[in-house]
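A.B. asks: quick one, structure for this:
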Amino acid sequence: MTLVPFVSVMEENSSCSSKVTGLPQASTLQKTLEQLSSAPGLRLRPEAAAPVAVVALQRYLSEPTGGQQQQQQQPDSYSYDVTVTDGVWRAKCLLHPSLNHLVHKNNLRTGTDIRILLCSFVYNERRLGHGYICIEKISCCVETSSVLTRINDVTLLPLLVKDGMERNVALQSDVPLQVNRKHYLSLWTNDYPEGNIWTSASPSADMVLDVSKVTLLSSLESCFRNTWKPLPLLVKIIHKSRLRYYGKFGLRIDYPYQAYFEVADQSGTMSLVLWNELCPEFYHRLNIGTVVYLQNYTLKQSYSNRTRPQMDHHRMKIFSSVEISLNARNPASVITVISLKSVLPQWGLPQVFYQFTTRVELDKLANNSACDVIGLITFVGRAERVKGKGSKGPEKYWIYRWVHAIDGTSDQPFILELFSSSQPEIFSRISPMTYLVCTQMRVCHVEGSSPYLTSSSETQMFITGYHKGQPYVSDPTVKSYIQWTKTLKDNIVLQKTAVGGHYRYPPPPQIFTQSTDDASVPLVAAADLKKELEMLHYREHKKLAIQGQITAVWYKKHPKTTQSAGAKDNEALSVSSDTCEQAEAGPHHHPSPPSDKSSVRQRKRRIQMSEATQSSENHDNTPAKRKDGCADVEDQEEEESDTSEECQDYLQPQHPSKDSCGLSWESSSWLMQQQELSEHLCHGGLWQDSLSRKFTLDEKNVLLQWCNLHPTRWTSEKTTDTIPPALCPGYYQVTILGINKQIAVDVAYLPVVSANEPRAVGLPQHPHGNTMMSCLSSGFICPLGSSASHSEAAFPKPEAILATAGELEDTHVVCILDLCHLGGDQVEILISKVYRMTDVSID
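C.D. replies: As a prediction, the model looks like this:
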């Protein structure tokens, strides 16, 4: 019997049938589901796999696969549901765990097309009427989606559901397909509110409260551990922490979230903890300045091992021995949010105080002290991720970005390291020419450089459009800042703005110290560097040190592009559960070095390879079966076997004479040393995305989309415009040979050449002789003036710098590297500082 798919009747899709009647009725997804019902083993290899577009990627904690031992050996902590469309239907499918690495590298992403080469239908054996499609093998198309160009609103397309499963809630709603999970996580971090379960911050209704039986915070410490029914509390929120997700395997809690607040009344302040199901309902509604009426709460001993806001400026008594705990059950706490109009002065609730600091005052503050700042944004770095340390549960990543902001009190801007504060809508809209307020920032002093501010767990961020109604609007420092901004001219400020690109702060110290301290940069072996590169996830940033010798330096005018990375980038990325092991080897796996007899001949071919590749880019050499940007695994393997010799040449280091203009230096022993290499890692370097762009109001949306993380969902509002290539001032490709001379790695050195660059802010600018070694050690070309002030005669030319590279010959150095995965096959490897051994100490 053929099972006919149909659309579940839901309110949001009640008018879908009229919306799609004009579309062609031939549907790839519909045909696939029909064939799956009669396929042997419920697995299917579609004969003609037409492209489908990815419109949503949703992540959640994986289901345990077995006993406790298996849980500990779980290959990946998270599962992914992927929603695809063929332009006629939408289908919500499970991504096979062997394909998860495609999401980790951002190869599989929303807004692009894929071909489903192998899929299966999975029934839930413990629940009636529940099943879903599992995608086991795909081909990722690198071109822009051809399916989405004909769709205006993807939510109007009907959902494809197997006959008899119209009540399958997981297919029709915002919950995971694996039904033991109740909610999704954000795609790139765990601490963002994600999905429709999170109640928006709707205004509270006016009400009249009987506050005659309210107790004060000061009486709670004495009541702790007593059999006492707590009286209601009437408090004001004065601090709010970021959301914390503590889910892990085996934890039987549907919504494992926690959030801390500091609340106050006329007697003092105390911590309040919001737990589990109450977080989705109240986290967005409880903000700084909100007044709440609490009933049925419990008291618990305070958890000492957590960060706390600095509250000395409130000048109130702090009750730190106990904390207020709010739960959905045992007992069910009652939280009443009181509207601002209903708050009465006789309640005696304290005001919210701030401690705003101007830029000119910042240098005087003690290290790790807290302050609030306001400024006009001039630079916004790209959103990057760093893996959390010491977490016992599933791996997690923090999202952060660097921001510069000015307040008119100093020529130097605030340098801000902003970690996401569970405010994704604000964090993603931080852009130049907007007013930024950050609370509870911590001061970080840097020896020899400008201090910077880093966000804490209690930091709250606000930008233009979100300031209305915030308690700080009446602060004298804020009012003074607003008066200063009225004297500014937009066109002048715009000239000093930039977005995106590589950015690192603070600069490496003058002396490299090998230490076990978590804050220090780890010194790794060359073989470990290869592993680190392979394990990098999308936009993950790591700082590492490697020791060895610099054996070659090439000057280049243009950064790498996707096309110059090789022909593979123009084809499909095809993987499946039976080929995932090969794919996991990553883009940095290279074949063994050539034999001694052919090494010189192959090296000559390698040097000429890039120029030949560049010339071929102007011709259409793509086989007909790949012109749509997709190919299956069998086709790739056939061609790869025919071109193995060319692949070996490509995977070895390339030094394009056309790009480098012939400006290079090589160690006298480098030619012989290459013959002894076991591996040469040459896939990383400098890319177009490594360079910052000038900010313009006309290109605001596309620039923000470019420097933010890739979105979880595709919408037609997402711009498809491409940003123009950035102007590259030129950079150096540096080859580092590991200390044991078995592995070499190519990295990029992008010196700061202008004081107008964001990377120049706070950089120590001690004069040096512009030798190759002094440039690599300092990070900039001397003198560092504005671009307009540099004359041709005064500014050193690359050939003059390379002429001094002979001092690198056989010199033992320690190199500080910045690694960042930019998505796909683009791995950024930049050298930020080189130390001689005389500048190294062992702690």
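
A.B. asks: top strand in the protein by residue count?
C.D. replies: Secondary structure of the chain per DSSP state E: the longest strand is strand 541-556.

A.B. asks: name the residues of that one that come out as buried.
C.D. replies: Residues 541-542, 544-556 are the ones in strand 541-556 that count as buried (16 or more other CB atoms under 10 Å). Quick note: C-beta positions are derived from backbone N, CA and C, even for glycine.

A.B. asks: now do that strand, average pLDDT.
C.D. replies: Across strand 541-556, the average pLDDT comes to 96.

A.B. asks: with stretch 242-259 instead?
C.D. replies: What stretch 242-259 shows for mean pLDDT is 91.

A.B. asks: and it, C-alpha only, in PDB?
C.D. replies: Taking C-alpha atoms only, stretch 242-259 is exported to PDB below (Å, rounded to 0.1, in the frame of the first residue of the first chain):
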ATOM      1  CA  ARG A 242      23.600  35.400  31.800                       C
ATOM      2  CA  LEU A 243      21.600  32.200  31.300                       C
ATOM      3  CA  ARG A 244      23.300  29.000  32.300                       C
ATOM      4  CA  TYR A 245      22.500  25.600  30.700                       C
ATOM      5  CA  TYR A 246      23.600  22.600  32.700                       C
ATOM      6  CA  GLY A 247      22.200  19.700  30.700                       C
ATOM      7  CA  LYS A 248      24.100  16.500  30.500                       C
ATOM      8  CA  PHE A 249      23.600  12.800  29.700                       C
ATOM      9  CA  GLY A 250      21.400  11.000  32.300                       C
ATOM     10  CA  LEU A 251      20.000  14.200  33.700                       C
ATOM     11  CA  ARG A 252      16.200  13.800  33.900                       C
ATOM     12  CA  ILE A 253      15.300  17.500  33.800                       C
ATOM     13  CA  ASP A 254      13.400  18.800  30.800                       C
ATOM     14  CA  TYR A 255      14.700  22.400  31.000                       C
ATOM     15  CA  PRO A 256      18.100  22.400  32.700                       C
ATOM     16  CA  TYR A 257      18.600  26.200  33.000                       C
ATOM     17  CA  GLN A 258      19.600  28.500  35.800                       C
ATOM     18  CA  ALA A 259      19.900  32.200  36.100                       C
END
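
A.B. asks: so which bits of it are buried?
C.D. replies: Of the residues in stretch 242-259, those with enough neighbours to count as buried (16+ other CB under 10 Å) are Arg242, Leu243, Arg244, Tyr245, Gly247, Phe249, Tyr255, Pro256, Tyr257, Gln258, Ala259.

A.B. asks: tell me the bridge partners for His821.
C.D. replies: Beta-bridge partners for His821, by DSSP bridges, are Tyr538, Val827.

A.B. asks: contact partners for it?
C.D. replies: With contact taken as CB atoms under 8 Å, 6 or more residues apart in numbering, His821 is in contact with Lys105, Asn106, Leu536, His537, Tyr538, Arg539, Glu540, Val827, Glu828.

A.B. asks: ok so, going back, so what does the longest strand of the chain touch, helix or strand wise?
C.D. replies: strand 384-387, helix 526-535, helix 657-660, strand 664-666, helix 670-675, strand 731-738, helix 798-802, strand 813-823 (3 or more CB pairs under 8 Å, 6 or more residues apart in numbering; DSSP states H and E).

A.B. asks: mean neighbour count, those: which tops it?
C.D. replies: strand 731-738 (a mean of 24; mean count of other CB atoms under 10 Å).

A.B. asks: so Val813 versus Arg836, what's the distance?
C.D. replies: 6 Å (CB to CB, to the nearest Å).

A.B. asks: neighbours of the closest residue to Pro559 other than its chain neighbours, how many?
C.D. replies: Counting by CB to CB, 6 or more residues apart in numbering, Pro559 lies nearest to Leu686, which is 4.4 Å off, once chain neighbours are set aside. If you count neighbours by other CB atoms under 10 Å, Leu686 ends up with 23.

A.B. asks: good, we can wrap up now.
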